[in-house]
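Participant: Fold the following for me, if possible:
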Amino acid sequence: MSVSPITSAPPNPHAVQGAVRRTLPLAPASFFAMTLGLAETGNAWRFATATWGLNPAFGEVLQLLSALSFVWWMALYLNKWINHRQAALAEARDPVQSAFLALIPESLILMALALQPYAIGGAQVLFWIGSAANLLYGAYRMAATWTDERQGSDSVPPLFLSYTASVLVNALAAGLLGHASFGWMLFGIGVVSWLVLDSVLTQQLAVGGLAVKTRNFMGIYMAPSVVALVAYQVLAGDALSLPLTYALTGYALFLAAAMIFAYRWLREQPFAGGYWAYTFGIATLAQGLMLGARHSHDPLLDTLAMLAFAITLLATGSVAVGTIRLLLKGAYYPPVATPAPVTAPAPDNVVAMAPQR
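Facilitator: Residues are numbered from 1 along each chain as shown. Okay, here's the model as predicted:
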């Protein structure tokens, strides 16, 4: 009696793809805000180390966490294009959600700054890739504002991401990596775009307001003012104008104060992943105040910098705790729509036959 050898069937590629589809969550591009918040809090700690002599270790831990989050969100974004192509296309075509795609090259630029103390060559490569992608996508989105139809309600703070706040981050990084002339060009793009767009967004906020579920967009609204404050001081160096620095500082603080007065209105939105948008702006404001205190030797700016840095740590810590709670509840990611099973319809030409005797 012969026994047939037992052979295992080759893995079904469709079953493997289905398993990946069920295992990996579907995340919007706006979730890259976590990478930005962690990276900027880490950068704020680095600034605090240079300003007040803090232990640098915690700042580097934050940079590591930001890098890990970037890898995770990038993996989910690629998976979206592979297994949820319609969702990826809908996001790319949406007049509001498409703005968040600018967070991807912006995150790459911040990863270059995170890597800078350890591998300057690698940091330069990451920067130029992120910088080129940032500019190309920004120009593409500017063209879309001319050519695509949009509603007035689509004029919301995320519009700042495509070719304003992200380009100013690009300018800031260019200055830190030794490309000051290129950085000034980027600074011009970001500031002029900011001045143009701000009037549009202020008009919409004054007339149309923001729905409760989108109020974390206001974390983006303060981004251009604080990034411009840091970028200018980094690019100008010792040749900076103190009056201009104080002017930029004043407007950034003025917006921060307005955000505090609007706290109850902002908190009407339940906690969600979008709350990471607030951490970026607060952390960048702290950096701008630290730089201003160093250049001016003004005790008031030094005190404000300490206060902003403390609020940065509190905000980032609070948002991190809220994120962990939502993850433990399984409520952090939006639900993935599962397609209904398809059953083949019966053929129309089937005729019942009587049994033959």
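
Participant: CA only for contacts and neighbour counts going forward, please
Facilitator: OK.

Participant: Burial check on His295, number of neighbours?
Facilitator: By other C-alpha atoms under 10 Å, 16 other residues sit near His295.

Participant: Name the nearest residue to Trp194, ignoring sequence neighbours.
Facilitator: Of all residues not flanking Trp194 in the chain, Thr164 sits nearest, at 5.5 Å (C-alpha to C-alpha, 6 or more residues apart in numbering).

Participant: so how many other residues sit close to the one you found?
Facilitator: By the measure other C-alpha under 10 Å, the count of residues near Thr164 is 30.

Participant: The helix or strand bottoming out on mean pLDDT in the chain: what's the following helix or strand?
Facilitator: Each helix and strand of the chain was given a mean pLDDT (mean pLDDT, DSSP states H and E); the minimum falls on helix 13-23 at a mean of 54. Downstream of helix 13-23, the next assigned helix or strand under DSSP states H and E is helix 33-52.

Participant: continuing past that following helix, what's the next helix or strand?
Facilitator: Heading C-terminal from helix 33-52, the first helix or strand you meet, by DSSP H and E, is helix 57-83.

Participant: any idea how far that following helix is from the chain center?
Facilitator: Between the centre of helix 57-83 and the centre of its chain there are 11 Å (C-alpha atoms, centre = their mean, to the nearest Å).

Participant: ok, now stretch 39-54?
Facilitator: Centroid displacement of stretch 39-54 relative to its chain, using C-alpha atoms, centre = their mean, is 20 Å.

Participant: repeat for stretch 120-127
Facilitator: Mean C-alpha position of stretch 120-127 versus that of the full chain (C-alpha atoms, centre = their mean) differs by 20 Å.

Participant: burial measure for Gly330, as a count.
Facilitator: Neighbourhood size, Gly330 [other C-alpha under 10 Å]: 11.

Participant: now Leu326
Facilitator: By other C-alpha under 10 Å, 16 other residues sit near Leu326.

Participant: now Thr147
Facilitator: Thr147 has 9 neighbours, counted by other C-alpha under 10 Å.

Participant: Now the closest residue in space to Gly322 that isn't next to it in sequence: which helix or strand?
Facilitator: Among residues not flanking Gly322 along the chain, Phe271 sits closest, at 7.2 Å (C-alpha to C-alpha, 6+ apart). Using DSSP H and E, Phe271 sits within no helix or strand.

Participant: Check Val200 too.
Facilitator: Under the assignment here (DSSP H and E), Val200 is part of helix 180-207.

Participant: following that helix, which helix or strand shows up next?
Facilitator: Next in sequence after helix 180-207, counting helices and strands by DSSP H and E, comes helix 218-221.

Participant: What's the first helix or strand after that following helix?
Facilitator: Next helix or strand after helix 218-221 toward the C-terminus (DSSP H and E): helix 223-236.

Participant: that older thread, quick check, pLDDT for the residue nearest to Trp194.
Facilitator: Looking at Thr164, its pLDDT is 95.

Participant: Which residues are in contact with it?
Facilitator: Residues in contact with Thr164 (C-alpha atoms under 8 Å, 6 or more residues apart in numbering) are 189-191, 193-194, 224.
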